[in-house]
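after the sequence you'll find the predicted model.
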Amino acid sequence: MSASQDPPLAAASIVEKPASAASLSSASILVAQAALAVVFIAAGVLKTWTGPATLHPILAALGVPADIRSQLAYGVPAAEIALGRWLVSGLGPRACCSCTIVVLTVFVAILVAVGIRTDWRSSCACLGMVERSLQTAIAQDAALLVLAGYLAWRLRRADGTRATANPVHQ
């Protein structure tokens, strides 16, 4: 083979990603989406099943007026179920993941605020009739937040984009 027939050095040094690595990446995205979806759907269904009174103590501790409490007590479970269904659908995965991160951040902030207002003596019925301490609920929501962050990172890598401090260099 002559020198003119040799492939360029740059092309010869390209290493393709094995198919198993790509499928592992897709599998981790699906598992993360499914895990988050199960938690949100379960939380919404359990809150709906136990009734709106589940959220009233948390909302009252935040100083939410009684007339708005009832609306939120029905709206929060519906929104959780909708978010879980969105996660399962696979539509707009990056937007859905961003929404999940915002919702979990708001939930953690609400739990911390309730804890501060009640000297950490309140409990959380985030899963309907399953009562937990606020600290446990915060830790579990923080773990879900980490999972959602991992999902956002995997989705960004799957898209072939990366986050930089300067968007001009993207």
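Right, received. Where do you want to start?

surely Ala53 touches Tyr74?
No - with contact defined as Cβ atoms under 8 Å, Ala53 does not reach Tyr74; the gap is 11.4 Å. For every residue, glycine as well, the C-beta is placed using N, CA and C.

okay, the two: which has more neighbours?
Taking other Cβ atoms under 10 Å, Ala53 and Tyr74 do not tie; Tyr74 has more neighbours (15 against 12).

quick check, that one in contact with Thr54.
No - look at Tyr74 against Thr54 with Cβ under 8 Å: they stay out of range, at 10.9 Å.

so for the strand or helix carrying Ala95, mean pLDDT?
In the assignment (DSSP states H and E), Ala95 maps to helix 93-117. Taken as a whole, helix 93-117 carries a mean pLDDT of 92.

which elements pack onto that helix?
If you count contacts as 3 or more Cβ pairs under 8 Å, 6 or more residues apart in numbering; DSSP states H and E, helix 93-117 packs onto helix 19-50, helix 56-61, helix 66-89, strand 123-127, helix 134-159.

which parts of it are buried?
Neighbour counts using 16 or more other Cβ atoms under 10 Å place 93, 96-97, 99-101, 103-104, 107-108, 110-111, 114-115 of helix 93-117 among the buried residues.

go on, stretch 58-71?
Ile58, Leu59, Ala61, Val64, Arg69, Ser70.

for Leu87, see how far away the third one is.
Using Cβ to Cβ, to the nearest Å, Ala61 is found at 29 Å from Leu87.

just for this structure, where's the confidence low?
Applying pLDDT under 70 to the chain flags the ranges 1-24, 159-170.

what residues are up against Val103?
Ala79, Leu83 (Cβ atoms under 8 Å, 6 or more residues apart in numbering).

from Phe40, how far out is it?
Distance from Val103 to Phe40, by Cβ to Cβ: 8 Å.

give me the common contacts of these two.
Leu83.

skipping adjacent residues, who's closest to Ile58 in space?
Val114 (5.6 Å; Cβ to Cβ, 6 or more residues apart in numbering).

returning to that earlier point: let me have the buried residues of stretch 58-71 in CSV, extended by distance to Ala32.
Shown next, in CSV, are those (distance: Cβ to Cβ, whole Å):
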residue, distance to Ala32
Ile58, 27
Leu59, 30
Ala61, 32
Val64, 32
Arg69, 33
Ser70, 34
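
sounds good, over and out.
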